[in-house]
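Engineer: Everything below, folded, please.
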Amino acid sequence: MRLLYGWLLFGISVASIMAGGKFLALVLGAACFMGGKEFIGMARRKGINPSSRIVLSMIVAFFVVAAIPDLIPNHGVGMPLPAGADAGYWTDFSIRHFPLLLSIGIYVSFFRLLFRNVDPPATIADIAATILGFIYVGWLPSHLVLLRNLSPAGMPVSANPLEQPGLAYVWATLFIIWATDVFAYYFGKKFGKHLLYPQISPKKTVEGALGGLLSAIALGVVVVYVADHYLFSCHPFGFNLWQAPIMAIVVSVAAQLGDLCESLLKRDAGLKDSSDFIPGHGGFLDRGDSLIIGAAVAYYWVCLVVLGQF
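Structural biologist: Below is the predicted model of the structure:
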């Protein structure tokens, strides 16, 4: 059963990443919606009562906004633009409006819980858990959709996935994260002697963490090199191979911290897995813990270093 569900998840993941756009936002958004339910369940085990409506609604909203460029026909070509907007208005719509959406979520969390029909209306922990819920399970992972849509300024939109730089950025990110997870487990099993953070995760070791990091660097360099020289005619990384090991270090460290963060939540809630939604694999947060923080870090890395934006 575990193997069957593992291959099913793998197939859906690969198909959604290759398709990108609305399909990726739908699949990843649905997984995060379920992850939001897991987060709410963990909080309630601690006697904290976040607003499930706000958490889940905001998760959906982040993925809808992230997918807006793909929901507008031809990225808004031929549509009237707001005064002063340039031709890239719809392409950049999502990232420009993310801060506004995040602010709205925070405001609504305070106002809704302020007038909650219970006595007392809400606690600091309720408000904090509501905001953390949609940031952790909505805002952060939705950056993977933004990353999939990234391309250098002025590059024409292509229907061919191998002419879409965002696909290369996502694959590099995922291979770095996968290498980190897989080889951290292998090196930890084989050579692990010194515990990394026993108060949070009693099985993770320093040797495993370093093995995962070094493996991520090696695989990251290979993926970036192959993407630029063989797979993508658009040369998404601009032949700057020196960026690959640094990106691998940054994303790998973020992924391992993401794993520890989810372990902290589960340990505080007294749970081994975030849920049993996925037979043999635990919950959606268990499967995506490294990606939640790693995806956002990778997005800003590519924007700042690879594309020189912001």
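Engineer: Now do the buried residues in the host helix or strand of residue 70.
Structural biologist: Using DSSP states H and E, residue 70 maps to helix 52-71. Along helix 52-71, these residues count as buried under the neighbour rule (16 or more other CB atoms under 10 Å): 52, 54-70. Glycine gets a C-beta too; all of them are placed from N, C-alpha and C.
Engineer: From residue 174, how far out is residue 10?
Structural biologist: From residue 10 across to residue 174, the span is 11 Å (CB to CB, to the nearest Å).
Engineer: Ignore what I typed, I meant residue 197.
Structural biologist: For residue 197, the distance to residue 174 - CB to CB - is 25 Å.
Engineer: what about the most centrally placed residue in the chain, is that helix, strand or coil?
Structural biologist: The chain has residue 141 as the residue nearest its centroid, 2.6 Å off, counting by CA atoms, centre = their mean. At residue 141 the chain is in coil, as set by DSSP: H, G, I helix; E, B strand; the rest coil.
Engineer: How about the contacts made by it?
Structural biologist: Shown in contact with residue 141 (CB atoms under 8 Å, 6 or more residues apart in numbering): 28, 32, 35, 288, 291, 292, 295, 296.
Engineer: Please report phi then psi for it.
Structural biologist: phi -70, psi -20 (degrees, to the nearest 10).
Engineer: And residue 197, by the same measure?
Structural biologist: The phi/psi pair for residue 197 (degrees, to the nearest 10) reads phi -160, psi 70.
Engineer: Looking at strand pairing, list the partners for it.
Structural biologist: Beta bridges link residue 197 to residue 201, judged by DSSP bridges.
Engineer: surely it meets residue 260?
Structural biologist: Yes. Between residue 197 and residue 260 there is a contact under CB atoms under 8 Å: 6.2 Å.
Engineer: Now the common contact residues for the two.
Structural biologist: Residues touching both residue 197 and residue 260 by CB under 8 Å, 6+ apart: residue 204.
Engineer: These two: who's more crowded?
Structural biologist: residue 260 (18 against 14; other CB atoms under 10 Å).
Engineer: In space, what's closest to the more buried one - neighbours in sequence excluded?
Structural biologist: Distances taken as CB to CB, 6 or more residues apart in numbering put residue 200 closest to residue 260, at 5.7 Å, once the chain neighbours are dropped.
Engineer: Now for that neighbour: which residues touch it?
Structural biologist: Taking CB under 8 Å, 6+ apart, we find residue 200 in contact with 260, 263, 264, 267.
Engineer: which residues in the stretch 151-300 of the chain form helices?
Structural biologist: 165-191, 206-226, 243-269, 284-301 (DSSP state H, counting those that start in this stretch).
Engineer: among these, which is the most enclosed?
Structural biologist: helix 284-301 (a mean of 24; mean count of other CB atoms under 10 Å).
Engineer: Tell me what angle it forms with helix 206-226.
Structural biologist: For helix 284-301 against helix 206-226, the angle by axes from the mean of the first three to the mean of the last three CA atoms, to 10 degrees is 50 degrees.
Engineer: Which other helices and strands does helix 284-301 contact?
Structural biologist: For helix 284-301, the elements it packs on are helix 21-45, helix 143-148, helix 165-191, helix 243-269, judged by 3 or more CB pairs under 8 Å, 6 or more residues apart in numbering; DSSP states H and E.
Engineer: Just give the closest residue to residue 181, not the sequence neighbours.
Structural biologist: residue 290 (5.7 Å).
Engineer: The one you found against residue 179, yeah?
Structural biologist: No. With contact defined as CB under 8 Å, residue 290 does not reach residue 179; the gap is 10.7 Å.
Engineer: Give me the distance between residue 211 and residue 175.
Structural biologist: 16 Å.
Engineer: same deal with residue 103?
Structural biologist: For residue 103, the distance to residue 175 - CB to CB - is 34 Å.
Engineer: Can you tell me which helices and strands the one helix or strand residue 11 maps to packs against?
Structural biologist: Here residue 11, judged by DSSP H and E, is contained in helix 2-19. Packing partners of helix 2-19 (3+ CB pairs under 8 Å, 6+ apart): helix 21-45, helix 165-191.
Engineer: and the ones you listed as CSV, adding distance to residue 122?
Structural biologist: Conversion of these to CSV gives the following (distance: least, CB to CB, whole Å):
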stretch, distance to residue 122
helix 21-45, 13
helix 165-191, 36
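Engineer: Appreciated, that's everything.
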